[in-house]
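> no sequence for this one, just the structure:
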């Protein structure tokens, strides 16, 4: 049932894609369904190009005949479709379980529109229960770990490096701080290259719950 909901949310979002678009492809299990749906539309004649936020997504898209460009040469994206670990009614999200949050945030910032796709398990009253991934320069591991601890987090180092060759520190908060203040503190910490707080990037969500897809636009969101 959960996979069915992921697929339905993904397919609903892919309906936004139009001929000539440059589409950003996120990372994760729900995005896999979006890539599959997009591949089917390309096989039927849809003419698009894509950029991917991870090596894995790029490979999956290329295998389905989607033309994938190197984002290093791209300044603007029309539409990005991505998943989330948590998303609330304000369209605030925590992302990065797959370790691609830095690339995801860059592509989101370049996008005219970003939509998040999810099953109902990812919809929460307020973000903060999920671990918050922080991408860190290896040189700064101990320093950033200490800073996160001072902010009230229990910190765990992931074994796997990111596609950028950096480390991921997963921060879990017993009491989640004010999100904007936390984002500002992380952004101001030398050695932090990116983090999974997406507070302004998401323009809409498609959430599927037991076969019913609901879309929420930022203009309708609370907070």
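Everything's here; your move. Here the structure is a predicted model, which means the values were calculated and not measured.

> Enumerate every residue touching residue 67.
If a contact means C-beta atoms under 8 Å, 6 or more residues apart in numbering, then residue 67 has 48-50 as its contacts. Where you see a C-beta, it was placed from the backbone N, CA and C, and this is true even at glycine.

> Verify the contact between residue 97 and residue 85 for me.
Yes: counting by C-beta atoms under 8 Å, residue 85 is a contact partner of residue 97 at 4.9 Å.

> shared neighbours of the two, anything?
Shared contacts of residue 97 and residue 85, counting by C-beta under 8 Å, 6+ apart, come down to residue 130.

> Kindly report the domain assignment for this structure.
2-123+199-213, 132-193 (automatic domain parsing).

> Residue 61 against residue 38, yeah?
Yes: using C-beta under 8 Å, residue 61 makes contact with residue 38 at a distance of 7.4 Å.

> Overlap in contacts, those two.
25, 50.

> Next, count neighbours for the residue lying closest to residue 168 once chain neighbours are set aside.
Leaving aside its chain neighbours, residue 168 sits nearest to residue 158 (4.2 Å; criterion: C-beta to C-beta, 6 or more residues apart in numbering). Other residues lying near residue 158 total 14 when counted by other C-beta atoms under 10 Å.

> Any regions of the protein where pLDDT drops low?
Residue ranges of the chain with pLDDT under 70: 222-223.

> Which elements pack onto the helix ranked longest in it?
Counting by DSSP state H, the longest helix found in the chain is helix 29-43. Applying 3 or more C-beta pairs under 8 Å, 6 or more residues apart in numbering; DSSP states H and E, one finds that helix 29-43 contacts helix 2-14, strand 22-25, helix 55-63, strand 77-82, strand 111-119.

> could I get those as JSON lines with distance to residue 141 and mean neighbour count?
Compiled in JSON lines, the helices and strands packed on helix 29-43 are given as follows (distance: least, C-beta to C-beta, whole Å; neighbours: other C-beta atoms under 10 Å):
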{"stretch": "helix 2-14", "distance to residue 141": "34", "mean neighbour count": "21"}
{"stretch": "strand 22-25", "distance to residue 141": "29", "mean neighbour count": "25"}
{"stretch": "helix 55-63", "distance to residue 141": "23", "mean neighbour count": "18"}
{"stretch": "strand 77-82", "distance to residue 141": "27", "mean neighbour count": "25"}
{"stretch": "strand 111-119", "distance to residue 141": "30", "mean neighbour count": "23"}
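
> okay, those in TSV with distance to residue 220 next?
Shown next, in TSV, are the helices and strands packed on helix 29-43 (distance: least, C-beta to C-beta, whole Å):
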stretch	distance to residue 220
helix 2-14	16
strand 22-25	23
helix 55-63	29
strand 77-82	19
strand 111-119	14
